[in-house]
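*Asks:* Pasting the sequence and the predicted coordinates here, then a few questions.
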Amino acid sequence: QKEVEQDPGPLSVPEGAIVSLNCTYSNSAFQYFMWYRQYSRKGPELLMYTYSSGNKEDGRFTAQVDKSSKYISLFIRDSQPSDSATYLCAMSHPGSARQLTFGSGTQLTVLP
Amino acid sequence: NAGVTQTPKFRVLKTGQSMTLLCAQDMNHEYMYWYRQDPGMGLRLIHYSVGEGTTAKGEVPDGYNVSRLKKQNFLLGLESAAPSQTSVYFCASSFTDRANEKLFFGSGTQLSVL
């Protein structure tokens, strides 16, 4: 069983929709949770980072962590065609960046 | 502002051939990483370096070697390529090694081994 599970999609939504992307994990030691966005034929770029449980908002993006359920989510409000990308969750226990565990990514397409 | 640059972008090898992937960063980062990305598998760490002259094994190091002779460069070598090494390879760098540190990724090298 993988430590981090992520639905690969593909997910297709109309412009302006609210998008929900999710990851589940099995390692209860994870405390740092990140979302990376990867455009086609590009490297991942950090979108958001949260520590422990709770919500964090940044513009149209909200990251949510529920440690009791071992479940994290990324919500995108008012989705735009420019949001079309693959979204990777990543998480780590309080160790080092080289101990990041990535999800396999969810491919999102926002249709104009 | 180049960031992290990887060369080449694409390569096709025959089984048994060797090649070197080059990663260069201009952000004066101490830490550098090589990942591979396969469908359904997520990014997996191959090797990493915590500074000039240092290298260490990651999660999937077999069949690869690395060198970090200069702080800005991190080389990934395949001595005898195998079809199982067909993948997209990403180099990344970071300023610190903290668990929440932002990784800066290159644009990747798509490698096919026939």
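*Replies:* Received, thanks. Treat the numbers as computed from the prediction; the structure is a model and nothing was measured. Numbers count the residues shown, from 1 in each chain, chains lettered A, B, ... in the order given.
*Asks:* pLDDT score for the residue most central in space within chain B?
*Replies:* The centroid of chain B falls nearest to B:Trp34 when counting by C-alpha atoms, centre = their mean (2.7 Å). Looking at B:Trp34, its pLDDT stands at 97.
*Asks:* ditto for the one 4 residues further on
*Replies:* At B:Asp38, the pLDDT value in this model is 95.
*Asks:* Could you tell me how many residues sit around it?
*Replies:* 14 (other C-beta atoms under 10 Å in any protein chain shown). The C-beta positions use only the backbone N, C-alpha and C, and glycine is treated the same way.
*Asks:* What sits closest to it if chain neighbours are left out?
*Replies:* B:Ser87 (5.3 Å; C-beta to C-beta, 6 or more residues apart in numbering or on different chains).
*Asks:* And for B:Lys102?
*Replies:* Using C-beta to C-beta, 6+ apart, the closest residue to B:Lys102 is A:Leu46 (4.6 Å).
*Asks:* what does A:Asp83 give?
*Replies:* Leaving aside its chain neighbours, A:Asp83 sits nearest to A:Val110 (5.1 Å; criterion: C-beta to C-beta, 6+ apart).
*Asks:* In terms of helices and strands, where is the one you found?
*Replies:* strand A:106-111 (DSSP states H and E).
*Asks:* hang on, the residue nearest to the centre of chain B packs against B:Tyr89?
*Replies:* Yes: with contact defined as C-beta atoms under 8 Å, B:Trp34 reaches B:Tyr89; the gap is 6.6 Å.
*Asks:* any common contacting residues for the two?
*Replies:* B:Leu21, B:Ile46, B:Leu76 (C-beta atoms under 8 Å, 6 or more residues apart in numbering or on different chains).
*Asks:* Enumerate the beta-bridge partners assigned to the last one.
*Replies:* With DSSP bridges applied, B:Leu76 shows beta-bridge pairing to B:Leu21, B:Val66.
*Asks:* Whatever residue of chain B ends up closest to chain A: what's it in contact with?
*Replies:* Going by C-beta to the nearest C-beta, chain A is nearest to B:Phe105 of chain B, at 3.0 Å. Going by C-beta under 8 Å, 6+ apart, B:Phe105 touches A:Gly43, A:Pro44, A:Glu45, B:Val4, B:Phe90, B:Cys91, B:Ala92.
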